[in-house]
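Chemist: Build me a structure from this.
(2 chains)
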There are 2 protein chains.
Amino acid sequence: MNTTARHLVVEYHGCDRELLNDKKQMERLMRLAAEKARATVVGAIFHAYSPQGVSGVVVVEESHFSIHTWPEYGYAAVDCYTCGDCEPEAAHEFLKEQLRAMETELMILNRGQNSPGPSIKLAAHRINELCVAQS
Amino acid sequence: MNTTARHLVVEYHGCDRELLNDKKQMERLMRLAAEKARATVVGAIFHAYSPQGVSGVVVVEESHFSIHTWPEYGYAAVDCYTCGDCEPEAAHEFLKEQLRAMETELMILNRGQNSPGPSIKLAAHRINELCVAQS
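Modeler: Below is the predicted model of the structure:
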């Protein structure tokens, strides 16, 4: 398989704090996010911390989707790393809405050996995208 | 827990191709890499692809270590994402040696809400670090 990949490094601020502390919901949302990106899930591992917080990763045929949450700050740090014809932006849009984020920050890295120059390229960095009020 | 984290985005070129295709060895090395970084492993998931390649993630109390390998190109893409007092650079140095990489590329991101400005900061990007011959 071609090594070309897109890696979305995303931070969500002002999220639903209760949701961020719910391991089952985090796994459900991250699996759905992977599906939204048109990735194929091959496994997942999620862990709840004491007193709070969740870490989890969904491994997909096209790489991985990870999340780490700090419910006490309403904050989640996500990585959507996909090769092939996936659409990691769709996962980001889905998570932004589902986590009820007030603000997001998104860095897009292009990775892989298939184009000249560095194998990690900073493609975009969108800081403090305010989210519209959700119904 | 404080949200401050360091995220090493690393690519290894010219690695040992046979090793990159060995799922058991990849899990063993990634668990050891996490330990070298002084992180505490809470779980791992590794998957072997057909006809070749391995994806895997070690979830640690301090976040995660992931690897995706393309044995046919001698190439591996790694993320070492750690909060707290970990030393992800130690994991990188360990993996560089163990994978017998000829060349590496390293991007360091500082993540979290604990300092002014963007919550994802590009701290360093070291392109094409040639590795010394290993014994």
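Chemist: Going by neighbour count, list what's buried in stretch A:107-122.
Modeler: A:107-113, A:118-120 (16 or more other C-beta atoms under 10 Å in any protein chain shown). (C-beta placed from N, C-alpha, C; glycine too.)
Chemist: Kindly list the main-chain dihedrals of the most far-flung residue of chain A relative to its centre?
Modeler: For chain A, the C-alpha farthest from the mean C-alpha position belongs to A:P116; by C-alpha atoms, centre = their mean, that distance is 27.1 Å. The phi and psi values for A:P116, taken as degrees, to the nearest 10, are phi -60, psi 160.
Chemist: can you list contacts of the longest helix seen in chain A?
Modeler: Taking DSSP state H as the criterion, chain A has its longest helix at helix A:23-36. Under the contact criterion C-beta atoms under 8 Å, 6 or more residues apart in numbering or on different chains, helix A:23-36 has outside partners A:19-20, A:41, A:44, A:46-48, A:54, A:56-58, A:60, A:65-67, A:69, A:80, A:87, A:90-91, A:93-95, A:98-99.
Chemist: which of these count as buried?
Modeler: Among these, those that count as buried by neighbour count (16+ other C-beta under 10 Å) are A:19-20, A:44, A:46-48, A:54, A:56-58, A:60, A:65-67, A:69, A:80, A:90-91, A:94-95, A:98-99.
Chemist: Mind listing what's buried along the helix or strand bottoming out on mean pLDDT in chain A?
Modeler: Using mean pLDDT, DSSP states H and E, strand A:120-130 stands out as the lowest-scoring helix or strand of chain A, at a mean of 92. Neighbour-count burial for strand A:120-130, counted by 16+ other C-beta under 10 Å, picks out A:I120.
Chemist: That strand: how far from the chain's middle?
Modeler: Relative to its chain's centre, strand A:120-130 lies at 14 Å (C-alpha atoms, centre = their mean, to the nearest Å).
Chemist: Just checking that strand against chain B, any contact.
Modeler: Yes - if you take C-beta under 8 Å from any C-beta of the partner chain as the test, strand A:120-130 does meet chain B, through A:120, A:122, A:125, A:127-128.
Chemist: cool, stretch A:81-88 as well?
Modeler: Yes - contact of stretch A:81-88 with chain B (C-beta under 8 Å from any C-beta) involves A:81, A:83.
Chemist: same question for that stretch, mean pLDDT?
Modeler: When pLDDT is averaged over stretch A:81-88, the result is 95.
Chemist: just the CA coordinates of it, formatted as CSV?
Modeler: Output of stretch A:81-88 as CSV, limited to C-alpha atoms (Å, rounded to 0.1, in the frame of the first residue of the first chain):
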residue,chain,number,x,y,z
TYR,A,81,-4.5,9.4,11.0
THR,A,82,-5.6,7.8,7.7
CYS,A,83,-4.0,6.4,4.6
GLY,A,84,-5.9,5.8,1.3
ASP,A,85,-9.1,7.3,0.3
CYS,A,86,-10.5,8.2,3.7
GLU,A,87,-12.0,11.5,4.7
PRO,A,88,-10.6,12.3,8.2
